[in-house]
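S.K.: could you work out the structure for the sequence below:
(2 chains)
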Amino acid sequence: LAKTTQPISMDSYEGQEVNITCSHNNIATNDYITWYQQFPSQGPRFIIQGYKTKVTNEVASLFIPADRKSSTLSLPRVSLSDTAVYYCLVGASHTGTASKLTFGTGTRLQVTL
Amino acid sequence: NAGVTQTPKFQVLKTGQSMTLQCAQDMNHEYMSWYRQDPGMGLRLIHYSVGAGITDQGEVPNGYNVSRSTTEDFPLRLLSAAPSQTSVYFCASSYSTRNNQPQHFGDGTRLSIL
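M.R.: Numbering: from 1, shown residues only, chains lettered A, B, ... in the order given. I've put the predicted structure just below:
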């Protein structure tokens, strides 16, 4: 299993760019990197996914260096509504299935005025 | 488009009671799973299913049973509730079992065992 390590918490002011880095030193060749967002009293919600280099969508960007041992979720100009827990996941290489995805404790982002 | 629907949203049980948490998805997803989330912790996988008639254990399966008789439904059964099973339970589904398929989550069932 590719274990991930993220900061426990981060604070930001509204309007700033937030970068959350995830370490996954044991990532396997076939593994993708996926980020989820979870608001209180809700289930996690898919944000973005990537395999290498950079991926961008309307919500965030994901930067993955060439060695793929880490990844950075970038949230541009955060607002109060971005206050949530963010999880980085890496797929299980030995089965190649989503069945063994491990969520970990995530990064709690607090955005204030 | 309902997505993943979990019922009930809240439930209080007494120790020793049994109960079934319901999960249904209308996206024709192959893969379904159950997680529990305890305060200050991430989600831990209880059981999962890669298709109708196929289930397997996750990280914390003890005290729970599952079955998958249809593609749409994946109920989680607590055989004899214990206080340690007080948690928020999330059901999720994805299109296939490949690890690059995003999972869709329900809004959870908050379960308290007295």
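
S.K.: quick one, strands of the chain?
M.R.: All of this is about chain A. For chain A, the strands defined by DSSP state E occupy A:9-13, A:18-23, A:33-38, A:45-50, A:53-56, A:61-64, A:70-75, A:84-90, A:107-112.

S.K.: hm, I was asking about chain B
M.R.: B:4-7, B:10-13, B:19-25, B:31-37, B:43-51, B:54-57, B:64-66, B:76-78, B:87-94, B:104-105, B:109-113.

S.K.: relative to chain A, which of those strands is closest?
M.R.: Chain A sits nearest to strand B:104-105 of all those, at 2.9 Å, using Cβ to the nearest Cβ. C-beta: built from backbone N, CA, C; applies to glycine.

S.K.: just for the chain, where's the confidence low?
M.R.: Going with chain A. Low-confidence segments of chain A (pLDDT under 70): A:1-2, A:92-102.

S.K.: the intended chain is chain B.
M.R.: The low-confidence ranges in chain B, as defined by pLDDT under 70, are B:1, B:97-100.

S.K.: so which residue is dead centre in chain B?
M.R.: residue B:34 (2.8 Å; Cα atoms, centre = their mean).

S.K.: which residues does it bridge with?
M.R.: Note on residue B:34: beta-bridge partners residue B:47, residue B:91, judged by DSSP bridges.

S.K.: tell me how far it lies from residue B:87.
M.R.: 11 Å (Cβ to Cβ, to the nearest Å).

S.K.: what does residue B:32 give?
M.R.: Taking Cβ to Cβ, one finds residue B:32 at 18 Å from residue B:87.

S.K.: the more surrounded of those two?
M.R.: residue B:32 (28 against 21; other Cβ atoms under 10 Å in any protein chain shown).

S.K.: spell out which residues of chain B are next to chain A.
M.R.: Neighbours of chain A within chain B, by Cβ under 8 Å from any Cβ of the partner chain: B:4, B:31, B:33, B:35, B:40-45, B:48, B:50, B:56, B:58-59, B:90, B:92, B:94, B:97-108.

S.K.: among those, name the buried ones.
M.R.: Neighbour-count burial (16 or more other Cβ atoms under 10 Å in any protein chain shown) applied to the residues of chain B next to chain A gives B:4, B:31, B:33, B:35, B:42-45, B:48, B:50, B:58, B:90, B:92, B:94, B:97, B:99-108.
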